[in-house]
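Asks: structure, please.
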Amino acid sequence: MRFRINRKTRLAFALGLAAAALGAGAANSAQAAPGAGCGDWSAYRSFIARFMQADGRVIDFSTPTQQSTSEGQSYAMFFALVANDRASFDKLLAWTRSNLAGNQFDAQKMRLPAWQWGKKPDGSFGVLDPNSASDSDLWIAYDLLEAGRLWHNPAYTQLGRSLAARIAADEVVTLPGLGPMLLPGPQGFRNGTVTRLNPSYLPLPLLRALAHDAPDGPWGKLADTTYQFVRTVSPQGFAPDWAAWQSGQFVVDPKNGDVGSYDAIRVYLWAGLTAPADPLAKSWLGALGGMRTKVAQNGFPPEKVSSTTGASSGEGPLSYWGALAPYFKALGDEHSLGLARSRLAALDVEVPGRDPVYYDRVLGLFGTGFIDGRYRFDEAGRLVPAWRNACD
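Replies: Alright, predicted model coming up:
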């Protein structure tokens, strides 16, 4: 996902600094970055110190390529916004612009960021896959629009609107018999009559916010078609990682089948984060009731579940509890929310010899940040942060 800026002159200055430091950034190990003054949100400070380089690159150390993704950049930008950490936000934006968007990331010339960057077979660092990831693109556009509003900076707003327009042009298609739908990326997801889709790529609050900022775009209608999508592909109350549209109807994904696991867990997260006043909030949660029932029965979320039969296997990792905590809170399920709180406490415990896991920490920040009252979304999708002070 993406990255944003300060005052107009500060924006250009920050991007210039990042470009100058770029050559050293690929080889640097992760270092502590700005964020040490972010109130009492220790989990955020730990995430920045562990996973973000000083130049704004977020690294997933669990991968052989030491990869950075547009997802990681976009989520970190969101957390920086929640933490009122403009310094980190600007660095994240600048690194994304320089490395994932080839320095073509401004209001006049906007390019969708590549989704994957890291160590190549020859040992050099660079883009590994130039295709973009539309969920990350949505998050970056949202981060920019909200940064512009909350930090009173029109440069961020202009970037956000330009990126939203680029997403609408390159990643939104009209499916006959349905309406607008978000492709997972511009390339590789349409084959003949089959269009592959990912339900975890479409957080309702983000669609609401984009509809407010770009009322002439597809975003309001996309919210309605996304609800139809999630409801239809979750007949047992479990979302799949992937599904497809073929011959006027949603079908099981021809590549991954009906399994719901590490992608789909975010569908419950986004539903839980949606403002109760949103007209789709209650019915959206109702379409995903299978997970609540399964956790009540077993005491833990399944690692994998069949969206068509409800059969499940395995025990989900800590990241699942992070995603499900807002879902349980939205449902008023205090027992399951208590289970989530107790499991998520383990994220703050450093275990010698065991490195923190990127996905656990990311979903943990989403979940604990929400249930601890550090942020929420209103019915228009706007971010409502509980800012206590600015980061140093």
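Asks: can we go C-alpha only for contacts and neighbour counts from here?
Replies: OK.
Asks: now do the strands in this protein.
Replies: With DSSP state E applied, the chain shows strands at 68-69, 116-119, 125-129, 172-175, 179-182, 190-191, 194-197, 243-246, 249-252, 259-260, 304-306, 312-313, 375-377, 383-385, listed in chain order.
Asks: point out the most buried one among those.
Replies: Across the strands of the chain, the average number of neighbours (mean count of other C-alpha atoms under 10 Å) peaks for strand 68-69, which reaches a mean of 27.
Asks: so what touches that one?
Replies: With C-alpha atoms under 8 Å, 6 or more residues apart in numbering as the test, strand 68-69 has contacts from 1, 57-60, 114-118.
Asks: can you put the strands of the chain in JSON lines and add distance to residue 158 and mean pLDDT?
Replies: Below are those laid out as JSON lines (distance: least, C-alpha to C-alpha, whole Å; pLDDT from 0 to 100):
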{"stretch": "strand 68-69", "distance to residue 158": "23", "mean pLDDT": "98"}
{"stretch": "strand 116-119", "distance to residue 158": "25", "mean pLDDT": "97"}
{"stretch": "strand 125-129", "distance to residue 158": "26", "mean pLDDT": "97"}
{"stretch": "strand 172-175", "distance to residue 158": "20", "mean pLDDT": "96"}
{"stretch": "strand 179-182", "distance to residue 158": "22", "mean pLDDT": "97"}
{"stretch": "strand 190-191", "distance to residue 158": "31", "mean pLDDT": "94"}
{"stretch": "strand 194-197", "distance to residue 158": "29", "mean pLDDT": "98"}
{"stretch": "strand 243-246", "distance to residue 158": "34", "mean pLDDT": "98"}
{"stretch": "strand 249-252", "distance to residue 158": "36", "mean pLDDT": "97"}
{"stretch": "strand 259-260", "distance to residue 158": "37", "mean pLDDT": "98"}
{"stretch": "strand 304-306", "distance to residue 158": "41", "mean pLDDT": "98"}
{"stretch": "strand 312-313", "distance to residue 158": "45", "mean pLDDT": "98"}
{"stretch": "strand 375-377", "distance to residue 158": "22", "mean pLDDT": "98"}
{"stretch": "strand 383-385", "distance to residue 158": "18", "mean pLDDT": "98"}
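Asks: so which of those gets nearest residue 283?
Replies: strand 375-377 (17.5 Å; C-alpha to C-alpha).
Asks: got the contact list for that closest one?
Replies: 82, 205, 273-275, 369-370, 383-386.
Asks: and with 10 Å instead?
Replies: Residues outside strand 375-377 that contact it (C-alpha atoms under 10 Å, 6 or more residues apart in numbering): 79, 81-83, 205-206, 209, 273-276, 278, 366, 368-370, 382-387.
Asks: can I have the buried ones of the residues you listed as a PyMOL selection?
Replies: Buried members of these, defined by 16 or more other C-alpha atoms under 10 Å, are picked up in PyMOL with:
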select buried, resi 79+81+82+83+205+206+209+273+274+275+278+366+368+369+370+382+383+385
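Asks: in helices, which of the contacts of strand 375-377 fall?
Replies: Within the contacts of strand 375-377, residues falling in helices by DSSP state H are 79, 81-82, 205-206, 209, 273, 366, 368-370.
Asks: number of residues surrounding residue 279?
Replies: 10 (other C-alpha atoms under 10 Å).
Asks: cool, and the one 4 residues further on?
Replies: Neighbour count of residue 283, defined by other C-alpha under 10 Å: 12.
Asks: got it, and residue 165?
Replies: Residue 165, neighbours per other C-alpha under 10 Å, totals 17.
Asks: tell me the pLDDT of it.
Replies: Looking at residue 165, its pLDDT reads 97.
Asks: show me what contacts it?
Replies: 110, 141, 159, 171, 214, 217-218.
Asks: could I get those residues as JSON lines with distance to residue 101 and neighbour count?
Replies: Below are the contacts of residue 165 laid out as JSON lines (distance: C-alpha to C-alpha, whole Å; neighbours: other C-alpha atoms under 10 Å):
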{"residue": "110", "distance to residue 101": "8", "neighbour count": "19"}
{"residue": "141", "distance to residue 101": "14", "neighbour count": "32"}
{"residue": "159", "distance to residue 101": "13", "neighbour count": "25"}
{"residue": "171", "distance to residue 101": "16", "neighbour count": "21"}
{"residue": "214", "distance to residue 101": "23", "neighbour count": "15"}
{"residue": "217", "distance to residue 101": "23", "neighbour count": "16"}
{"residue": "218", "distance to residue 101": "24", "neighbour count": "22"}
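Asks: name the nearest of those relative to residue 103.
Replies: For those, the nearest to residue 103 is residue 110 (9.1 Å; C-alpha to C-alpha).
Asks: tell me how many other residues surround the nearest residue to the closest one once chain neighbours are set aside.
Replies: What sits nearest to residue 110 in space, not counting adjacent residues and going by C-alpha to C-alpha, 6 or more residues apart in numbering, is residue 104, at 5.6 Å. Using other C-alpha under 10 Å, the number of residues around residue 104 comes to 16.
Asks: returning to that earlier point: just the contacts of strand 68-69: which are in helices?
Replies: Per DSSP H, helices hold no members of the contacts of strand 68-69.
Asks: mind putting these into a markdown table with distance to residue 223?
Replies: Below are the contacts of strand 68-69 laid out as a markdown table (distance: C-alpha to C-alpha, whole Å):
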| residue | distance to residue 223 |
| --- | --- |
| 1 | 20 |
| 57 | 31 |
| 58 | 30 |
| 59 | 31 |
| 60 | 31 |
| 114 | 25 |
| 115 | 24 |
| 116 | 27 |
| 117 | 30 |
| 118 | 34 |
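Asks: by neighbours, which of those wins?
Replies: Neighbour counts for those, by other C-alpha under 10 Å, peak at residue 1, which reaches 32 neighbours.
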